[in-house]
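1. structure of the sequence below:
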Amino acid sequence: MPNLEHAYAIIMAGGKGERFWPLSTSRRPKQLLALAGGKPLILQAVERLEGIVPPERVLIVTNQSLVKPIQDLLGEGSPVGVLGEPVGRDTAAAIAAGAAWIQHRDPAAVFCVLTADHIIGDLPLFRETLQQGLDLCAAHDVLMTIGITPAEPSSAYGYIEAGDLWKQSGEIEFFHAKRFVEKPDRKTAEDYLATGRYAWNSGMFVWSLESIRKAFAESQPILAEKIDAWAACADDAAFQSALEKDFPQLDKISIDYAVMEKARNIVVCQGGFSWDDVGSWPALEAHLPQDGEGNASTGDVQVLDSAHNIVVSEGRLTALIGVENLVVVQAEGVTLVCEKSRSQDIKTLLASLRAQDNRDEIL
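-> Next up, the predicted model:
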């Protein structure tokens, strides 16, 4: 049985999920949807921690507007904490707020940072990886990032280059990290894969409170000061009030730019479990039931002489005849039809809709 005495977890759940519009909206972003696995992604993220981190030591950091919907999903009496950011200031500020919440409860804590909108398989291996990471970070002054063994030379992710082996626990290997690299073109990604030294940057981290507090002090001293000030708040109400006052003045910066690309004690763990950050409709294709013609669908759907389409129909019948390679989504009284290859343009479409009057209900 793992030692849970000082283990905590932060689940980041503040994304908008715009590329899954119209199923995902500002009031119901993708982390609240059951896109795959039969349950809302946020609930799956909490359940994945079972046996590693007790629910009363799990904190979900989200937008203020989503606190109540997430609490409703968790159910009455859930011990999981839900913290609402007054304004979005990217992942460095969100993690700093979560670290303060943890520091108030346990200055000796070690914690992981996970994301609500990932789909993860091989749960026993995922939990073992997380447990080993928590144990190692409790004993060593390192900042650990979980890299994913690339399934293909994708240009959709950032990469981490691994250096020398640092530790090995069973089949799980931990390496010194040499560098973080931005999303490459496909040819560069192919070269990365050929070396066997590169992993996808998953955005999942493990560290002790002491180590991340020290890293903030070195590269983001204002956030380090805020962690201490917020942690000293008498109760959650005072904490929330302090966030309301301080958050609008904070820089908008990711944890990668703020800390990880500057620190010299980075360790990367090769995550061998299956992982998908399902960033757009085509990414969901592998997680939906498919017919013999490669149509991936959910809901009330009927197809005739059609192939390789993604169809999501909420609340009514959606029928396709003689079409291929489309994304067709019916939700919230809105119908979207686009070529798979144009699915990234949904954000451009939403920008146009926001400029129009009386569109708030569907955005």
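2. partner residues bridging the most centrally placed residue in the chain?
-> By C-alpha atoms, centre = their mean, the mean C-alpha position of the chain lies nearest to Thr115, the distance being 2.5 Å. Beta-bridge pairing of Thr115 under DSSP bridges involves Met12.
3. now do the same for it: its pLDDT.
-> As predicted, Thr115 sits at a pLDDT of 94.
4. all helices of the stretch 151-300 of the chain, in order?
-> Taking DSSP state H, counting those that start in this stretch as the test, the helices found in the stretch 151-300 of the chain are 186-195, 209-219, 221-231, 236-246, 255, 281-284.
5. give me the contacts around the third one.
-> With C-beta atoms under 8 Å, 6 or more residues apart in numbering as the contact definition, helix 221-231 has outside contacts at 92-93, 96-97, 99-101, 103-104, 213, 216-217, 239, 242-243, 246, 250-251, 258. C-beta: built from backbone N, CA, C; applies to glycine.
6. just checking, the residue nearest to the centre of the chain touches Gln44?
-> No: contact between Thr115 and Gln44 fails when scored by C-beta atoms under 8 Å: they sit 11.4 Å apart.
7. now do the contacts for the closest residue to Glu314 other than its chain neighbours.
-> Leaving aside its sequence neighbours, Glu314 sits nearest to Ala331 (C-beta to C-beta, 6 or more residues apart in numbering; 4.2 Å). For Ala331, the contact set (C-beta under 8 Å, 6+ apart) comprises 22-23, 312-315.
8. over to Asp90?
-> Counting by C-beta under 8 Å, 6+ apart, Asp90 makes contact with 252-255.
9. could you rerun that using 10 Å?
-> With contacts defined as C-beta atoms under 10 Å, 6 or more residues apart in numbering, Asp90 is in contact with 14, 250-258.
10. separation between the residue nearest to Glu314 and Lys347?
-> According to C-beta to C-beta, to the nearest Å, Ala331 and Lys347 sit 17 Å apart.
11. and for the residue lying closest to Leu209 once chain neighbours are set aside, the neighbour number?
-> Nearest residue to Leu209 in three dimensions, chain neighbours excluded: Ala109, at 4.5 Å (C-beta to C-beta, 6+ apart). As a burial measure, Ala109 scores 19 neighbours (other C-beta atoms under 10 Å).
12. how close does Ala109 sit to Ile10?
-> 11 Å.
13. need the residues touching each of those two.
-> Counting by C-beta under 10 Å, 6+ apart, the shared contacts of Ala109 and Ile10 are 99, 102.
14. pLDDT value on Met1, please?
-> The model's pLDDT for Met1 equals 38.
15. now do Tyr198
-> Looking at Tyr198, its pLDDT stands at 92.
16. gap between it and Lys39?
-> 32 Å.
17. more crowded one of those two?
-> Using other C-beta under 10 Å, the more surrounded residue of Tyr198 and Lys39 is Tyr198, with 24 against 15.
18. OK, contacts around that one?
-> 147, 149-150, 153, 159-162, 178-179, 181, 184, 189, 191-192, 268.
19. over to Glu361?
-> 25, 27, 332-334.
20. again with Pro150
-> Shown in contact with Pro150 (C-beta under 10 Å, 6+ apart): 157, 159, 189, 192-193, 196, 198-200.
21. how about the residues you listed in JSON lines, adding distance to Ile119?
-> Putting these into JSON lines (distance: C-beta to C-beta, whole Å) gives the following:
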{"residue": "Tyr157", "distance to Ile119": "15"}
{"residue": "Tyr159", "distance to Ile119": "20"}
{"residue": "Ala189", "distance to Ile119": "21"}
{"residue": "Tyr192", "distance to Ile119": "23"}
{"residue": "Leu193", "distance to Ile119": "22"}
{"residue": "Gly196", "distance to Ile119": "25"}
{"residue": "Tyr198", "distance to Ile119": "22"}
{"residue": "Ala199", "distance to Ile119": "18"}
{"residue": "Trp200", "distance to Ile119": "14"}
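22. any idea which of those residues is the one closest to Ala296?
-> Tyr157 (22.0 Å; C-beta to C-beta).
23. now do that closest one against Gly279, distance only.
-> Taking C-beta to C-beta, one finds Tyr157 at 9 Å from Gly279.
24. do the same with Glu18
-> Distance from Glu18 to Gly279, by C-beta to C-beta: 10 Å.
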